[in-house]
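**Student:** sequence first, then the predicted structure:
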Amino acid sequence: DVKVTQSSRYLVKRTGEKVFLECVQDMDHENMFWYRQDPGLGLRLIYFSYDVKMKEKGDIPEGYSVSREKKERFSLILESASTNQTSMYLCASQRHNNYGYTFGSGTRLTVV
Amino acid sequence: DAKTTQPTSMDCAEGRAANLPCNHSTISGNEYVYWYRQIHSQGPQYIIHGLKNNETNEMASLIITEDRKSSTLILPHATLRDTAVYYCIVDFLAQGGSEKLVFGKGTKLTVNP
């Protein structure tokens, strides 16, 4: 089975810190995605990537950047963490278009 | 914005079939319908997807109407472990041809003993 691994299950950071959320998939998938999930708002797409070094903005990219230097790894970066970025962050990968996504278990980030 | 409409919640008795409806009246000819579910505190799990024809796998069946404006996910024998939020999603081809999924609010399915 495809595995999508997110480096941390829980994370607490201070306001203004630079935060890196790491996501690794082990099945050579082309596409990777970062979502955040908040009560009442559901899952919202932050950024996605369909190839190494390629990235596309999702619906809520402000305050975030991403990096995909290798096919298996997609990193989400919070340049200067703020309290409104406290959320559950979910990474997903997809073999290529028209295939199902595989999600990681999520990282619950708290910014204090 | 999500391109689908689902009921907010549904109940089902254990062992009975759960039929979850979804409306996607603005779907385009080359857009797929996907179903995912999310059990509390876990990442979403892929269930099934289809374009025009009905589909079946080990988890569920997907029935798509002939005009493709609606679909139904069928869990043939629901168990307590099927209690989850079920998302019906129409994919969206972003610039560059990559696909992205926009999740709506989903249907909270509760399977009762």
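**Tutor:** It's in.
**Student:** neighbours around residue 18, how many?
**Tutor:** I went with chain A, as the question did not name one. 10 (other C-beta atoms under 10 Å in any protein chain shown). Backbone N, C-alpha and C define where each C-beta goes, glycine included.
**Student:** wait, I meant chain B there
**Tutor:** 23.
**Student:** one more: A:Ser87?
**Tutor:** 20.
**Student:** go on, A:Thr102?
**Tutor:** Around A:Thr102 there are 21 residues (other C-beta under 10 Å).
**Student:** show the contacting residues for it.
**Tutor:** By C-beta atoms under 8 Å, 6 or more residues apart in numbering or on different chains, the contact list for A:Thr102 reads A:2-4, A:25, A:27, A:29, A:92-94, B:46.
**Student:** those residues, buried ones only, as a ChimeraX selection?
**Tutor:** In ChimeraX syntax, the buried subset of the contacts of A:Thr102 is picked out as below (16 or more other C-beta atoms under 10 Å in any protein chain shown):
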select /A:4,25,29,92,93,94 /B:46
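**Student:** a markdown table for the contacts of A:Thr102, including secondary structure and distance to A:Leu78?
**Tutor:** Shown next, in a markdown table, are these (DSSP: H, G, I helix; E, B strand; the rest coil; distance: C-beta to C-beta, whole Å):
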| residue | secondary structure | distance to A:Leu78 |
| --- | --- | --- |
| A:Val2 | coil | 26 |
| A:Lys3 | coil | 25 |
| A:Val4 | strand | 20 |
| A:Gln25 | strand | 21 |
| A:Met27 | coil | 27 |
| A:His29 | coil | 24 |
| A:Ala92 | strand | 19 |
| A:Ser93 | strand | 21 |
| A:Gln94 | strand | 24 |
| B:Tyr46 | strand | 27 |
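**Student:** of the contacts of A:Thr102, which is the nearest to A:Lys70?
**Tutor:** Nearest to A:Lys70 out of the contacts of A:Thr102 is A:Gln25 (C-beta to C-beta; 10.6 Å).
**Student:** how near is the closest one to chain B?
**Tutor:** Remark: distance between A:Gln25 and chain B (C-beta to the nearest C-beta, to the nearest Å) = 12 Å.
**Student:** what residues are up against the closest residue to that residue other than its chain neighbours?
**Tutor:** Spatial nearest neighbour of A:Gln25, chain neighbours left out: A:Ser93 (4.0 Å); criterion: C-beta to C-beta, 6 or more residues apart in numbering or on different chains. Residues near A:Ser93 by C-beta under 8 Å, 6+ apart: A:2, A:4, A:23, A:25, A:27, A:29, A:31-33, A:74, A:101-102.
**Student:** can you lay out those residues as a markdown table showing distance to B:Thr65?
**Tutor:** Output for the contacts of A:Ser93, formatted as a markdown table (distance: C-beta to C-beta, whole Å):
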| residue | distance to B:Thr65 |
| --- | --- |
| A:Val2 | 31 |
| A:Val4 | 33 |
| A:Cys23 | 37 |
| A:Gln25 | 34 |
| A:Met27 | 33 |
| A:His29 | 31 |
| A:Asn31 | 29 |
| A:Met32 | 33 |
| A:Phe33 | 29 |
| A:Phe74 | 36 |
| A:Tyr101 | 24 |
| A:Thr102 | 28 |
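**Student:** thanks a lot, catch you later.
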